[in-house]
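J.: 3D model of this:
(one chain, ligands or ions: 2)
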Amino acid sequence: MALTVRKLAPNIGAEICDIDLQQDHDAEVIAEINRIWLDSVILLFRGQELTPERQVEVTGWFGEVGNLARPKKYRTSGHNDLPPGMMLISNVRENGKPIGNLPDGEMMFHHDMIHAREPHKATLLYAVEIPSYGGNTLFANGYTAYETLPDEIREPLEGRLAFHHYNYGTLRKGDNEGTPAFSEAEHPVFRTHDDTGRKAVYVNRLMTEGVVGMDQEEASPLLAALFDHAERSEFVYEHEWAVGDLLLWDNRCSMHARRDFPGTERRLMRRTTVIGNGPPA
Ligand code: OGA
Ligand code: MN
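T.: Ligands and ions are numbered 1, 2, ... in the order given. Presented below is the predicted three-dimensional model:
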């Protein structure tokens with residue numbers, strides 16, 4: 001079967017057209033989809049009718065399905081009836097409490113689970129209900145950000161580790177929306193991708209706190225300049241969701257953010273992940 005592929009933006013993203021993910025596909029097709037994903041960093045499949053169980057099976061095409069990192073105590077009510085490893089991202093409320101995580105509004109750029117020792121390599125997000133406007137998700141290519149980084153930002157950070165901290169639920173740094181549960185880790189500022197061998201920017205505005213062995217007075221302006229560079233619009237694809245969209249992204253070489261959306265409208269997405277390794281030091 002030949003796949004029809006369409007670029008989403010000049011520097012990032014591909015849509016795989018004319019494929020029904022409810023159907024089984026042979027190993028060659030799955031290998032080809034994986035190749036296109038490694039080249040394009042994010043993949044889009046539109047118009048899919050996926051049950052939660054089928055989403056987990058499709059997630060398995062990309063590796064071993066990841067478990068939820070957030071401690072059980074801080075999981076919301078909507079998770080009780082879902083397959084293990086599936087998370088709801090939703091502002092829908094029952095008895096005044098959100099049934100899902102990351103419920104409301106804008107979210108700063110971040111790499112999923114950069115705060116963990118072994119971050120999950122991929123995330124898949126499937127749109128069940130979307131608001132009439134807003135809530136777009138933005139994806140920035142970390143390879144092109146690295147390759148175009150001015151030397152005065154790159155050189156002092158090359159070979160260094162950064163320190164990441166995340167209180168689960170935080171949408172904007174310091175917003176007090178997070179839970180008391182957190183996770184922390186150190187990883188290279190520029191990450192070498194396990195499969196492509198290419199280097200990508202691996203720090204972000206939401207979760208990165210500092211650079212190991214560097215004074216905060218030196219690190220803060222360097223990181224701020226690096227975030228501004230990495231978030232530049234020429235590295236970004238902005239996705240306007242439609243119900244039935246499945247997006248898959250590579251957390252090793254991209255970061256993502258979410259735009260604001262009306263709190264009076266429902267947004268419901270199902271999220272799964274694929275486990276990964278710690279980046280090579
Ligand atoms: C996530 C995430 C963005 C969105 O699920 O990790 O960042 O658009 N979601 O809801
Ligand atoms: Mn995320």
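
J.: all strands of the stretch 1-150 of the chain, in order?
T.: Counting by DSSP state E, counting those that start in this stretch, the segments of the stretch 1-150 of the chain that form strands are 4-7, 14-17, 42-45, 87-90, 93-94, 97-98, 107-110, 122-129, 137-141.

J.: Residues of the stretch 101-250 of the chain that sit close to ligand 1?
T.: 102, 107, 112, 123, 125, 137 (C-beta under 6 Å from any ligand atom). (Each C-beta comes from the backbone N, C-alpha and C, glycine too.)

J.: Confidence-wise, which of those comes last?
T.: Lowest pLDDT within those is found at residue 102 (95).

J.: residue in the stretch 101-250 of the chain nearest to ligand 1?
T.: Closest residue of the stretch 101-250 of the chain to ligand 1, C-beta to the nearest ligand atom: residue 137 (3.7 Å).

J.: Contact partners for that residue?
T.: Neighbouring residues of residue 137 by C-beta atoms under 8 Å, 6 or more residues apart in numbering: 125, 238-239, 241, 247, 256-259.

J.: One more: residue 104?
T.: 91, 98, 171, 263.

J.: how much space is there between it and residue 89?
T.: Going from residue 104 to residue 89 by C-beta to C-beta, to the nearest Å gives 11 Å.

J.: Over to residue 32?
T.: Distance of residue 32 to residue 89, computed by C-beta to C-beta: 29 Å.

J.: okay, the two: which has more neighbours?
T.: Neighbour count, other C-beta atoms under 10 Å: between residue 32 and residue 89, residue 89 has more, with 21 against 16.

J.: ok, that one - contacts?
T.: By C-beta under 8 Å, 6+ apart, the contact list for residue 89 reads 100-102, 125, 267-271.

J.: just wondering, since we're on the residue of the stretch 151-281 of the chain found nearest ligand 1, how far is it from residue 172?
T.: Using C-beta to the nearest ligand atom, the single residue of the stretch 151-281 of the chain nearest to ligand 1 is residue 258, 3.9 Å away. According to C-beta to C-beta, residue 258 and residue 172 sit 11 Å apart.

J.: what do the two both touch?
T.: With C-beta under 8 Å, 6+ apart as the test, residue 258 and residue 172 both reach 106-107.

J.: Neighbour count: those two, which is higher?
T.: Neighbours per residue (other C-beta under 10 Å) separate residue 258 from residue 172, with residue 258 holding more: 21 against 13.

J.: average pLDDT across the helix or strand containing residue 155?
T.: Using DSSP states H and E, residue 155 falls within helix 151-157. Across helix 151-157, the average pLDDT comes to 98.

J.: Next, name the residue at the spatial heart of the chain.
T.: residue 112 (4.8 Å; C-alpha atoms, centre = their mean).

J.: I'd say that one and residue 123 touch.
T.: Yes: if you go by C-beta atoms under 8 Å, residue 112 and residue 123 touch, sitting 5.0 Å apart.

J.: list the residues that contact both of those two?
T.: Going by C-beta under 8 Å, 6+ apart, residues that sit against residue 112 and also against residue 123 are 251, 273.

J.: got the residue ranges for the helices in this structure?
T.: Counting by DSSP state H, the chain has helices at residues 27-40, 52-59, 142-147, 151-157, 216-230.

J.: So which of the ones you listed is the most surrounded?
T.: When those are scored by mean count of other C-beta atoms under 10 Å, the highest mean neighbour count falls to helix 142-147 (a mean of 22).
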